[in-house]
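Participant: here is a sequence with its predicted model. Questions after.
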Amino acid sequence: MPVNPTVMKLFSRTHTFWYRVSGGLVGSWIGTPVGLLTTTGRKSGRKYTTPLQPIIDGDNVVFIASNAGHKVHPQWWLNLKANPEATV
């Protein structure tokens, strides 16, 4: 069952805040790394940062756009398609 989008947004913002405030000490998922992906909104032009669990492949960082089981793509993925410049 997919996670409620409002809950996902609240969790994402809270997670990003605590991750930044703690310098990355708070916010990892059971010892796994967290990547903060910053994209530009395809409509607004605003910067959005999303905490994601990366897969590290050598020098590459891979994020899976699963959107917690929803049938639609996550907003960060749609933003990347519109503007592929992002920071991790």
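Facilitator: Cool, got the structure. As the structure is a prediction and not an experimental result, all values here were calculated from the model.
Participant: contacting residues for residue 24?
Facilitator: residue 34 (Cβ atoms under 8 Å, 6 or more residues apart in numbering). All C-beta atoms are positioned from the backbone trio N, CA, C, and that covers glycine.
Participant: so which residue is dead centre in this structure?
Facilitator: residue 50 (2.8 Å; Cα atoms, centre = their mean).
Participant: that one contacts residue 36, doesn't it?
Facilitator: Yes - the pair residue 50 / residue 36 is scored as a contact, 7.3 Å apart, by Cβ atoms under 8 Å.
Participant: common neighbours of those two, please.
Facilitator: residue 16.
Participant: how far away is the residue nearest to the centre of the chain from residue 62?
Facilitator: Here residue 50 is placed at a distance of 15 Å from residue 62 (Cβ to Cβ, to the nearest Å).
Participant: for the residue nearest to the centre of the chain, grab phi and psi.
Facilitator: Dihedral pair for residue 50: phi -120, psi 130, per degrees, to the nearest 10.
Participant: so the nearest residue to it once chain neighbours are set aside: helix, strand or coil?
Facilitator: Distances taken as Cβ to Cβ, 6 or more residues apart in numbering place residue 76 nearest to residue 50, at 4.6 Å, with adjacent residues excluded. Judged by DSSP: H, G, I helix; E, B strand; the rest coil, the three-state class of residue 76 is helix.
Participant: residue contacts, residue 76?
Facilitator: Contacts of residue 76 (Cβ under 8 Å, 6+ apart): 37, 39, 48, 50, 52, 65.
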